[in-house]
Structure formats: C-alpha cells, structure tokens
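**Q** based on what follows, work out the 3D shape:
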Amino acid sequence: MKGYHIAVVGATGAVGQEILRVLERRNFPVASLHPISSARSAGKSVRFRDESVSVLQLNEHSFEKIDVAFFSAGGEISQKYVPLACQADAIVIDNSSAFRMDAHVPLVIAEINAEDVRWHRGLIANPNCTTAITLMALFPLHRAFGVRRIFAASYQAVSGSGARAINELTQQTKGATQDSTVYPHPIAFNVLPHVDSFLETGYTKEEMKMQNEARKIMHLPQFCASVTCVRVPVYRAHSVAASAEFERTVSLERAREVLAKAPGLELVDEPQNNRYPMPLSVTGKDNCQVGRLRLDCAFENGLSFWVSGDQLLKGAALNAVQIAELL
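**A** Here you go, the predicted structure:
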C-alpha cells in the first residue's frame, strides 16, 4: 500500500490532535505528515509515531503535493482554504459545517453511506457530531422498520465547545469562579438548553442539523426531527435520548437483534443490572453504545432509545479517517 502525503489543518486543536492519534492507531499509510495551524500555534510541535513534527503556519501554499487534507479549524477557515486545497488537487475531508448541505458535496458516515464517497469532486464533508452519534443507532433501525420521524434531546459535553469550555467547567466545579465566558450561564452543576445560535423558528442551528443532515446521509428527504440540544457538565462524549416513529410495526426483539449486529455500535441494554450507555463508558472508544430500548408508549410504531458516543472520535476524527480509508 502506497503512502499518502497528509495535511491536518487545526492540528493543535482537540479534533486535530485526535485525528493524529487515529491515523497512527489505525496504521493509515502516511508518507509525510504536515500539521498546520494558525500563526498563533505555528512553530509548536505535535507527536506522531514517536516523533516530534513541527506545526506549519496555514497559508495559500500549504497544500502543494498534499494527497489528503483534513480540515478541523472551523467554518471560516474551511470556506477560505478548502477551495485552495482542492485547486492543489488535494482531497479534502472537512469537519466544519461549511459545505455539509452543498448538493455537490458528499456528507458521509462510513458505516451508513460509504458509497456516496464515489461521487466526490475533491471534497467530502464530515457530519455534525450529534447527528453522527444518533444515526449510528437510528439507521440500522430505519433499515429494519423504516423511520418517519424522531423526537430527541441531546446531552452534549463541553469539549464540543473547545478547550476553553473544558477549563471553564473545571474552574466552576472547583468553586474558583462562576464567571462564564464560553457560555451565557454557568455550566457547572447546571444544564443549558442552548447549543449554537437561535433561529427565527425557535430552534437552534445545532438542532436543525439533525434533520437536515440526516435527510442527506440516509437519502430520506421526508425525514423529520424535532430536537432540543442541551449542554451538560460532562467533559467528553455526547448522549441522545430519542423516540422514533416507524412505518412498520416495531418488535423489541428484532430491534435488539438489528442493533447488536450494527457496525460501529454496541448494544448495552440491561437496565435491570444497571447497564446502559453513559458518557464515561464511551469516552475514548471508537464504538457508540445504545440501550434503554423500549416500545414507545406515545407512538403506534415507536421505539425509544438512548445512545452515547465519543464526539471527538465517531463524531469527528474517527469518521474523518474512516472516510479517508474509503478513498
């Protein structure tokens, strides 16, 4: 297998660091690694395969002779530099929301719609982390029963807001401060029903991503999702409580069978033994976990479930590297 010249934009950030670890752990064929960051972080070093690699400053020439470029530095950087990377003939895998809903850009979860990679034009988008974690459980159920809609609430870890949010939770938990600079209210010992900015409908951008991105990934334009996204005082790993309505009659036995066999997913559903998915259980793990399965008492063909996953892995870095492996 030949080696590839790899660029990681945002290499010093939480997702960028995770991409480096996943590339190493999965033995991705890297001929040369080019960690790239802003001027503020340029000159620092990152570890890769027991070596120290200097971080380069992002500029318009960063993608010459690059085969695959992972972008994880936010939407503004992606909008400015992804076209330059594509012009340099690099294949871009973008973690931001900048191009996800572009009709010409595949939006891919490796276990669900890997075949969509085939029609890329040099750019493939990675979905929102909460969407990815939810669909890991929902899509196998959809294949079995035909999903129509879901009602869901997310429980999102502060690491989804970056290192400053992690530090803010730590300081507030210690009682050192109740000052909030990342969030509009304290996050320690609190929950905030507010992730991303509010739209005129009253939903947030984050909440609408679940419906819009899921439609594209599952090739299901009529799918509906009413979601409330909540930030919780957890460091890492997101969870989602979902009630799904299906076209066909749902069997609990069949649902467990389908989920137990689904790739990238573990069925942890023994509530009588206090076994169910939790953020602490999935932190640092590739697989998502699903449990608390029960026939929904409000839907005729409904199933309620709880799914947890590491949003820095399946929600970002792991899925990005899996996309590169599909190439």
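
**Q** what's opposite the residue nearest to residue 299 when sequence neighbours are not counted in the beta bridge?
**A** Nearest non-adjacent residue to residue 299, counting by C-beta to C-beta, 6 or more residues apart in numbering: residue 245, 4.4 Å away. Bear in mind the C-beta positions are built from the backbone N, C-alpha and C, glycine included. Beta-bridge partners for residue 245, by DSSP bridges, are residue 149, residue 302.

**Q** roughly how far apart are residue 245 and residue 224?
**A** Going from residue 245 to residue 224 by C-beta to C-beta, to the nearest Å gives 9 Å.

**Q** list residues touching both of these two?
**A** Jointly contacting residue 245 and residue 224 under the rule C-beta atoms under 8 Å, 6 or more residues apart in numbering are 148, 149, 150.

**Q** any of those residues buried? List them.
**A** Using 16 or more other C-beta atoms under 10 Å as the burial test, the shared contacts of residue 245 and residue 224 include 148, 149, 150 as buried.

**Q** quick one: neighbours of residue 83, just the number.
**A** 14 (other C-beta atoms under 10 Å).

**Q** got the buried residues for stretch 177-197?
**A** So, applying 16+ other C-beta under 10 Å, buried residues of stretch 177-197: 180, 182, 183, 186, 187, 188, 192, 194, 195, 196.

**Q** work out for me the element the nearest residue to the last one once chain neighbours are set aside sits within.
**A** Ranked by C-beta to C-beta, 6+ apart and with sequence neighbours excluded, the top spatial neighbour of residue 196 is residue 206, at 3.8 Å. Residue 206 is part of helix 205-218, with elements assigned from DSSP states H and E.

**Q** keeping just the C-alphas, turn that helix into CSV.
**A** Extracted in CSV, the C-alpha atoms of helix 205-218 (Å, rounded to 0.1, in the frame of the first residue of the first chain):
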residue,chain,number,x,y,z
LYS,A,205,-28.8,25.8,14.2
GLU,A,206,-27.4,22.7,16.0
GLU,A,207,-31.0,21.3,16.4
MET,A,208,-31.8,21.7,12.7
LYS,A,209,-28.6,19.9,11.7
MET,A,210,-30.1,16.6,12.9
GLN,A,211,-33.0,16.8,10.5
ASN,A,212,-31.2,18.4,7.5
GLU,A,213,-28.0,16.3,7.7
ALA,A,214,-29.9,13.0,8.4
ARG,A,215,-32.0,13.5,5.3
LYS,A,216,-28.9,13.8,3.2
ILE,A,217,-27.0,10.9,4.8
MET,A,218,-29.9,8.4,4.9
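
**Q** buried ones in that helix?
**A** 206-218.

**Q** now do stretch 107-118
**A** Across stretch 107-118, burial judged by 16+ other C-beta under 10 Å covers 107, 108, 109, 110, 111, 112, 113, 116, 117.

**Q** of these, which belong to helices?
**A** Secondary structure from DSSP state H places 110, 111, 112, 113 of the buried residues of stretch 107-118 in helices.

**Q** of the residues you listed, which is the nearest to residue 228?
**A** residue 112 (23.7 Å; C-beta to C-beta).

**Q** what are the ranges of the strands in the stretch 101-250 of the chain?
**A** 123-125, 147-156, 224-231, 238-246 (DSSP state E, counting those that start in this stretch).

**Q** who's more crowded, residue 245 and residue 224?
**A** Using other C-beta under 10 Å as the criterion, residue 245 and residue 224 rank with residue 245 on top: 20 against 15.

**Q** which residues are in contact with the more buried one?
**A** Taking C-beta under 8 Å, 6+ apart, one finds 147, 148, 149, 150, 296, 299, 300, 301, 302 in contact with residue 245.

**Q** now for those residues, which pair is the farthest apart?
**A** 150 and 300 (14.9 Å).

**Q** what's the lengthiest helix in the chain packed up against?
**A** Ordering each helix of the chain by length in residues (DSSP H) puts helix 129-145 first. Where contact means 3 or more C-beta pairs under 8 Å, 6 or more residues apart in numbering; DSSP states H and E, helix 129-145 is packed against helix 110-113, strand 147-156, helix 205-218, strand 238-246, helix 252-261, strand 265-267, strand 288-295, strand 302-309.
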